[in-house]
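J.: Requesting a structural model of the entry that follows:
(one chain, ligands or ions: 1)
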Amino acid sequence: MTRPSVPSLNTLKQMTGGDLVLLAEEIRAFLIENISKTGGHIGANLGVTELTIALHYVFDSPYDRIVFDTGHQGYTHKILTGRQGNFPTLNTWGGMNRFIAREESTHDIIDASHAGTSISIASGIAWALRNTDSQYHALAVIGDGSMSEGLAFEGLNFVAGSDLPLIVVLNDNGMAIAPNLGGIHNLTGGEDWQAKSGLFFRGLGYEYLPVPDGHNIEALINAFSEARKLTRPVLIHVKTEKGRGLSCAKDHPYRMHFSMPFDPETGAGASPTVAERTYAVVAAEALMNILRDDSNVFIMTPATPYASSLDSLFAEFPDRVIDVGMSEQHAAAMACGLALEGKKPIVCFQTTFMQRAFDQLLHDACFMNLPVTFLGVRSGFAGYDSPTHHGLYDIPYLQSFPNMQVMYPFDSRDLKELIFRRMELPAGPMVILYPYEPIPQPEPDVGTRMSEGIAEVTEGRDGIILCIGNRLVAAHQLREMLSREYYQDFGIACVRAIKPLPTERIVKLCASAQRVVTLEESTLPGGFGSTISVVLSDNDVEASVLRSGVADRFVPAGSKDECSRECGIATDQILQQIRQRWPDIANKG
Ligand SMILES: Cc1ncc(C[n+]2csc(CCOP(=O)(O)OP(=O)(O)O)c2C)c(N)n1
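T.: Predicted structure coming up:
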């Protein structure tokens, strides 16, 4: 295995230019060898190898606070700060975080996985440092994609006005995950990028230092050393190449930003997401049909076309499938504008990033009661990204919004039908949530008794399991275990309409059941189970309710099974909770 002999940060500062170049080459080889085995943000990290070495050469981390935006590009930083040995554990339970993580190192100044936070957080740090007359600097290292987040603009604006000695390092590789677009892309692209960007950033109030070759360590060191002397805001504009040094990344549409394990020679296996058929693929197939049938339909995504499987839609409908760049708030608000003009917009979000648009969902879509459809993929556990990637917190906030309809399809066929029906005549805002994992084969039985909001999958004498679509497999398992081990006959009902809830039907089912188990892969406070409990209480139903879901906490990255066990929602764990709650059941075993 390639193991670069990584110097301590102090030794690094004594190294010569030639040694630093060699170190960059060794680190690059190490990254390719390791990440091709484990999967990870390979393309993004290969672009910042020299940049990161130069940062650590010039600045004194952690006293100088290097804040990496999004945190996905920190692999060289992790190597230089003593974590080289942890790379084989990437994408394993309890292994090294894919992102910058404070629990791993004092050199990791923030926890992040959502883009655009670095400048604002670094400005707070810079303010505090100035306040204590510290000689150390705060730095924000941010990509050109993340720079288009509204929050990044807010930070840029404030810092310029407050004259803070903040160093913004703009890592410009022309890419978000997909090729970057919009005004920032215009500003930083083309032959005259230095002139345009210099005018812009200087105009805002920044000292502007361009580094045309971001793989030239000497040039980087010179620029960082100059910035270090300044006592006012400075922006260092570094041109880098995403996927640098990995031949198969050259022609890859995303320069292999992230990939599951792949063959480093041929690129075989390179995939930004799970290879099996997913709900996102099913939804995209429905969207393709709808685009063909209805010229009023517009599809939007804030820079995550891969996660929503939209690539072929862009190719066929370039005017009606819109990537708005990394700007979730804008995506939601622009969709409202389309709806105001009688169009039928659909915004494809990953639910974890939809949070950014909280107020546009509430203040714009819901208050104006506009027929905007939001598709939220990765609801529930989100696999091996970061604890902040899980889609666990949507249901409580979404169901608190007046006018919002919240749907969770029973299965993939239902997802398709739901989208078709919704788009015939959309009324008011609606969010349709669906999971990240591959569609289970075979899909769980939904039964034949379905109404608008609920599928009464199977009846039961002793109790009822009420679940959401992504827990239907678990509901079947639990019913089976209850029957096999304790001769208990529990029915199953799967709720599609989380809001408006089919209250009458639920009240009726639970009143005759007496014992109710709710299953959700979502946070418990304010969630599906809470809502069911409230409905039963409000309607004087005296059923005993056991709520299974994620307690009030954050959950590490991991597979669905690993996260379920960690949260106590694996079916054998639920069975144990049932035994504790209703001990008489155990006596029947
Ligand atoms: C708020 C938010 N939206 C979307 C994403 C998904 N995402 C992760 S990295 C990335 C691209 C980042 O591009 P850039 O900042 O230019 O960094 P690069 O990877 O090109 O170095 C995107 C879209 C995210 N992490 N956070």
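
J.: Pull up the per-residue confidence for residue 2.
T.: Looking at residue 2, its pLDDT reads 59.

J.: Which residue is the nearest non-sequential neighbour of the spatially most central residue of the chain?
T.: Closest residue to the average C-alpha location of the chain: residue 389 at 4.1 Å, with Cα atoms, centre = their mean. In this structure, residue 389 finds its nearest non-sequential neighbour in residue 382, 4.3 Å apart by Cβ to Cβ, 6 or more residues apart in numbering. Just so you know, the C-beta spots here come from the backbone N, C-alpha and C atoms, and that holds for glycine as well.

J.: which one is residue 342 nearest to, not counting chain neighbours?
T.: Per Cβ to Cβ, 6+ apart, closest to residue 342 is residue 296, 7.1 Å.

J.: Kindly provide the distance from the one you found to residue 429.
T.: In this view, residue 296 and residue 429 are 17 Å apart by Cβ to Cβ, to the nearest Å.

J.: Residue 396 too?
T.: Distance, residue 396 to residue 429, by Cβ to Cβ: 17 Å.

J.: Which one's more surrounded, the two?
T.: With other Cβ atoms under 10 Å as the criterion, residue 396 and residue 429 differ in neighbour count, and residue 429 comes out ahead with 29 against 17.

J.: thought the more buried one was touching residue 360?
T.: No - when contacts are counted by Cβ atoms under 8 Å, residue 429 is not listed as touching residue 360 (10.4 Å).

J.: which residues sit in contact with the residue of the chain found nearest the ligand?
T.: Closest residue of the chain to the ligand, Cβ to the nearest ligand atom: residue 143 (2.3 Å). Residues near residue 143 by Cβ atoms under 8 Å, 6 or more residues apart in numbering: 44, 69, 70, 73, 115, 170, 171, 172, 173, 175, 176.

J.: Then residue 345?
T.: Each residue near residue 345 by Cβ under 8 Å, 6+ apart is listed here: 297, 298, 299, 300, 334, 335, 336, 338, 339, 372, 373.

J.: Now with 6 Å, please.
T.: Contacts for residue 345 (Cβ atoms under 6 Å, 6 or more residues apart in numbering) come out as 298, 335, 338, 339, 372.

J.: Extract the CA atoms of the strand or helix carrying it and return them as PDB.
T.: Using DSSP states H and E, the element containing residue 345 is strand 344-350. Written as PDB, here are the backbone C-alpha positions of strand 344-350 (Å, rounded to 0.1, in the frame of the first residue of the first chain):
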ATOM      1  CA  LYS A 344     -46.800  23.300 -12.500                       C
ATOM      2  CA  PRO A 345     -43.300  23.300 -10.900                       C
ATOM      3  CA  ILE A 346     -41.800  20.300  -9.200                       C
ATOM      4  CA  VAL A 347     -38.600  20.900  -7.100                       C
ATOM      5  CA  CYS A 348     -36.400  17.800  -6.600                       C
ATOM      6  CA  PHE A 349     -34.600  18.100  -3.300                       C
ATOM      7  CA  GLN A 350     -32.600  15.800  -1.100                       C
END
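
J.: Okay, now the sheet partners of that strand, with direction.
T.: Here strand 344-350 is paired, per DSSP bridges, with strand 297-301 (parallel), strand 373-377 (parallel).

J.: Please name whichever of those is nearest to residue 356.
T.: Checking the strands paired with strand 344-350 against residue 356 by Cβ to Cβ gives strand 373-377 as the closest, at 12.4 Å.

J.: Distance from that closest one to the middle of the chain?
T.: Distance of strand 373-377 from the chain centroid (Cα atoms, centre = their mean, to the nearest Å) equals 14 Å.

J.: In this structure, where is pLDDT below threshold?
T.: Scanning the chain for pLDDT under 70 picks out the ranges 1-3, 589.

J.: How about the residues of it by the ligand?
T.: The chain has residues 44, 47, 70, 72-73, 113-116, 143-146, 149, 171, 173, 175-177, 242, 257, 303-304, 326, 328, 353, 356 near the ligand, with proximity defined as Cβ under 6 Å from any ligand atom.

J.: Repeat the analysis, applying 5 Å as the threshold.
T.: Contact residues (Cβ under 5 Å from any ligand atom) of the chain with the ligand: 44, 114-115, 143-146, 173, 175-177, 303, 353.

J.: biggest separation within those residues, which pair?
T.: The most widely separated members of the residues of the chain next to the ligand, counting by Cβ to Cβ, are 173 and 353 (20.6 Å).
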